[in-house]
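Asker: requesting a structural model of the entry that follows:
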Amino acid sequence: MTSNNLHYHNDFPYFFNSNACVACRGKCCRGQRGYIWLSREELQEMAKARSISLNAFARQYVRQVNGQLSLKERVMNNEHLCCFLDPVDHCCTIYNYRPEQCRTFPFWKEFKDDPESISLACPGVSLL
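Answerer: Numbering: from 1, shown residues only. Alright, predicted model coming up:
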């Protein structure tokens, strides 16, 4: 369920206020090294949105990890940032085409049974 900028899933013990994203400087898009998984279909959509060939997009922005595709990261000030996080305004430069992993955050299965950890990590999360 979504109400304006308030998001809630019936089976999660918290809600998410996306208004908090403006002030948090992309905490979910930065930190320690990790993976931003994407499907081949998402890869194609992102390349199309950037108006570059699939191969050029993949070479520049994608890495393969154990047979899966992940967006590359860049390191700035000893911090890993998603390659599409603008380091100045802290916004996603492919927001309308971001992978499912990003679209579903913070409603990930691993946080369902550990809501305290996501409430500490994401300023937009409030426990019920």
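Asker: which SS class is residue 90?
Answerer: coil (DSSP: H, G, I helix; E, B strand; the rest coil).
Asker: I figured it hits residue 27, correct?
Answerer: No: the pair residue 90 / residue 27 is not scored as a contact, 9.1 Å apart, by Cβ atoms under 8 Å. (Each C-beta comes from the backbone N, C-alpha and C, glycine too.)
Asker: out of those two, which sits in the more crowded spot?
Answerer: residue 90 (17 against 14; other Cβ atoms under 10 Å).
Asker: for the more buried one, give me its contacts.
Answerer: Going by Cβ atoms under 8 Å, 6 or more residues apart in numbering, residue 90 touches 25, 26.
Asker: all strands of this protein, in order?
Answerer: Ranges of strands in the chain, per DSSP state E, are 2-3, 6-8, 14-17, 30-31, 37-38, 62-65, 68-71, 73-76, 79-82, 125-127.
Asker: what lines up beside the fifth one in the sheet?
Answerer: Okay, so that is strand 37-38. strand 68-71 (antiparallel) (DSSP bridges).
Asker: check which residues of the partner strand are buried.
Answerer: Neighbour-count burial for strand 68-71, with 16 or more other Cβ atoms under 10 Å as criterion, is recorded at 69, 70, 71.
Asker: surely the second one and residue 35 touch.
Answerer: Pointing back at residue 70 there. Yes: taking contacts as Cβ under 8 Å, residue 70 lies within contact range of residue 35: 4.3 Å.
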